[in-house]
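Asks: Pasting the sequence and the predicted coordinates here, then a few questions.
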Amino acid sequence: MESIEKRISDTPRMSDNGFFGQFGGKYVAEILRRTIDETGVNFEKAMKDNKFLAELSELQRDFIGRPTPMLHAKRTSDLLGGAQIYVKLEGLANTGAHKINNAIGQVLLAKYSGKTRIIAETGAGQHGVATAAACARLGMKCTVYMGEIDMKRQQPNVASMELYGAKVVPVLTGSRILKDAINEAMRDWAANFETTHYVIGSALGPDPFPDMVRTFQSFVGRETKSQLAERGLSPDACIACVGGGSNAIGFFEPYINEQKPRLIAVEAGGIGPGEGNNAVRMAGDAHLDILHGYKSKFLVNEDGQVNDTRSISAGLDYAGIGPQLAYLGEKGRIEFTSATDSEALNAVKVFAQNEGVLFALESAHAGSEALKLAKTMSKDKVIVINMSGRGDKDIFITSPVFRPKEWGEFLQGELERLNSNTEIHSSKITIHEEEA
């Protein structure tokens, strides 16, 4: 494996003054411009600071659990009769997803920059969990904004965030999903920028966040490249799901300036075509616009209002896409496709039953594309999927689909037990602050 300094300090910037072609930029209120500029300066200094890099390396090894494994999905590959499928198991990182890579990097950067408070937005909840865990580890106060709809379908992650000590704030405005959580986090940041750092969870937002998030996620792609080389393999296709794009751009990073392999990004096809039924941007009808501090492709109507989106996966229903991904898609370096909810659910079952690996619904979109693509390729070809997270968090979504009767009976029984034992539970579990 390359040294930590080599792996990260040589790629802190890929943008041209914050732009990737026509995408990107820094479209923010004047009150935030100084703190965002300072964030960019501090980020570039940190990438050359041996003390920062050494502490980050230690956290990656001992706290995150890097490097994460690379699994040959041999049974699935044999079943399909085509290309060999490999899976980068980011779901085995601490907190269950790739999000911890960026979270620990940004929270550590904020601490080095003298900030005392962290805010974040979250959709599926994984970024919120990762940020809350990073803050707990580094002793920082944490507030996470989450759309009310996302909170209802991702209660396990809400519980985890609160257990880590974070304050989770429900967002009740707009569509009550990720885009609205970003809006609320931006408002908080504008009001408290002197003490607060906003840990944006994806490779989007105003400059320097797209460069910063990609850099902290680039370990995924660089480990993948090294692990394949150790096995004497070269990938023919790398596949990742894409919402905002943090797992995809980090996974693709070492190959961006090379002609091969194929880089395939899979968007949320939802329940099918039609406005409001999916979150297909690059492979659909997205338009150039400015939102959340940057210029990119967004699903907006003729009046510039953001369209509703839909996906079984809370992490892929964002109406826009990171500027570098949009740029690379426009150039043709990244191919964009989509997978429907039903295709993602099928991929969850296939990899669970054949490999003993439980994909998050987000990651299963990439898995679905791999299942289709592998059949069209010869057995000597190699496909690598970034399993960006594991599916424990999705049990309240997948169980009603896979075993509705049993799941309903379980929930009813749990509700009855909860109602009958509330007083007992409360008295037994009370923990005084002075005991902590």
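Replies: Yep, it's here.
Asks: Alpha carbons of the one helix or strand A352 maps to, as CSV, please.
Replies: In the assignment (DSSP states H and E), A352 maps to helix 341-355. This file holds the C-alpha atoms of helix 341-355, laid out as CSV (Å, rounded to 0.1, in the frame of the first residue of the first chain):
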residue,chain,number,x,y,z
ASP,A,341,-36.3,-0.1,-6.7
SER,A,342,-37.2,-3.7,-7.6
GLU,A,343,-33.9,-4.3,-9.3
ALA,A,344,-32.0,-3.0,-6.2
LEU,A,345,-34.1,-5.3,-3.9
ASN,A,346,-33.3,-8.3,-6.2
ALA,A,347,-29.5,-7.5,-6.0
VAL,A,348,-29.8,-7.4,-2.2
LYS,A,349,-31.1,-11.0,-2.2
VAL,A,350,-28.6,-12.3,-4.8
PHE,A,351,-25.5,-11.1,-3.0
ALA,A,352,-26.9,-12.0,0.4
GLN,A,353,-27.8,-15.6,-0.6
ASN,A,354,-24.8,-16.3,-2.8
GLU,A,355,-22.0,-14.4,-0.9
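Asks: For the spatially closest residue to A360 that is not a sequence neighbour, what are phi and psi?
Replies: If the residues on either side of it in the chain are set aside, A360 comes closest to G389, at 3.7 Å by C-beta to C-beta, 6 or more residues apart in numbering. For every residue, glycine as well, the C-beta is placed using N, CA and C. Main-chain torsions, G389, degrees, to the nearest 10: phi -160, psi 160.
Asks: Pull up the gap between G389 and E184, please.
Replies: The gap separating G389 from E184 is 24 Å, by C-beta to C-beta, to the nearest Å.
Asks: So between those two, which is more surrounded?
Replies: Neighbours around G389 and E184, counted as other C-beta atoms under 10 Å, are more numerous at G389. The numbers are 31 against 21.
Asks: Could you double-check that that one sits in contact with G91?
Replies: Yes: the criterion here is C-beta atoms under 8 Å, and G389 meets it with G91 at 5.0 Å.
Asks: Identify the contacts common to the two.
Replies: Here G389 and G91 share the contacting residues A97, F359, A360, S363, scored by C-beta atoms under 8 Å, 6 or more residues apart in numbering.
Asks: So which of those is surrounded by the most neighbours?
Replies: Neighbour tally across the shared contacts of G389 and G91 (other C-beta under 10 Å): the maximum, 36 neighbours, falls on S363.
Asks: for it, what are its contacts?
Replies: S363 neighbours (C-beta under 8 Å, 6+ apart): G91, C241, I385, N386, M387, S388, G389, R390, G391.
Asks: got those as TSV, with secondary structure, pLDDT and distance to G174 columns?
Replies: Converted to TSV, these look like this (DSSP: H, G, I helix; E, B strand; the rest coil; pLDDT from 0 to 100; distance: C-beta to C-beta, whole Å):
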residue	secondary structure	pLDDT	distance to G174
G91	helix	96	30
C241	strand	98	24
I385	strand	98	33
N386	strand	98	30
M387	strand	98	31
S388	coil	97	26
G389	strand	95	25
R390	strand	95	29
G391	helix	94	28
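Asks: if we can go back for a sec, okay, among the shared contacts of G389 and G91, which ones form the most distant pair?
Replies: A97 and F359 (11.0 Å; C-beta to C-beta).
Asks: which neighbours do these two share?
Replies: G91, G389, R390.
Asks: Could I get the shared contacts of G389 and G91 in JSON lines, plus columns for pLDDT, secondary structure and distance to D49?
Replies: Converted to JSON lines, those look like this (pLDDT from 0 to 100; DSSP: H, G, I helix; E, B strand; the rest coil; distance: C-beta to C-beta, whole Å):
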{"residue": "A97", "pLDDT": "95", "secondary structure": "strand", "distance to D49": "27"}
{"residue": "F359", "pLDDT": "98", "secondary structure": "strand", "distance to D49": "37"}
{"residue": "A360", "pLDDT": "95", "secondary structure": "coil", "distance to D49": "33"}
{"residue": "S363", "pLDDT": "97", "secondary structure": "helix", "distance to D49": "33"}
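Asks: Sweet, I'm off.
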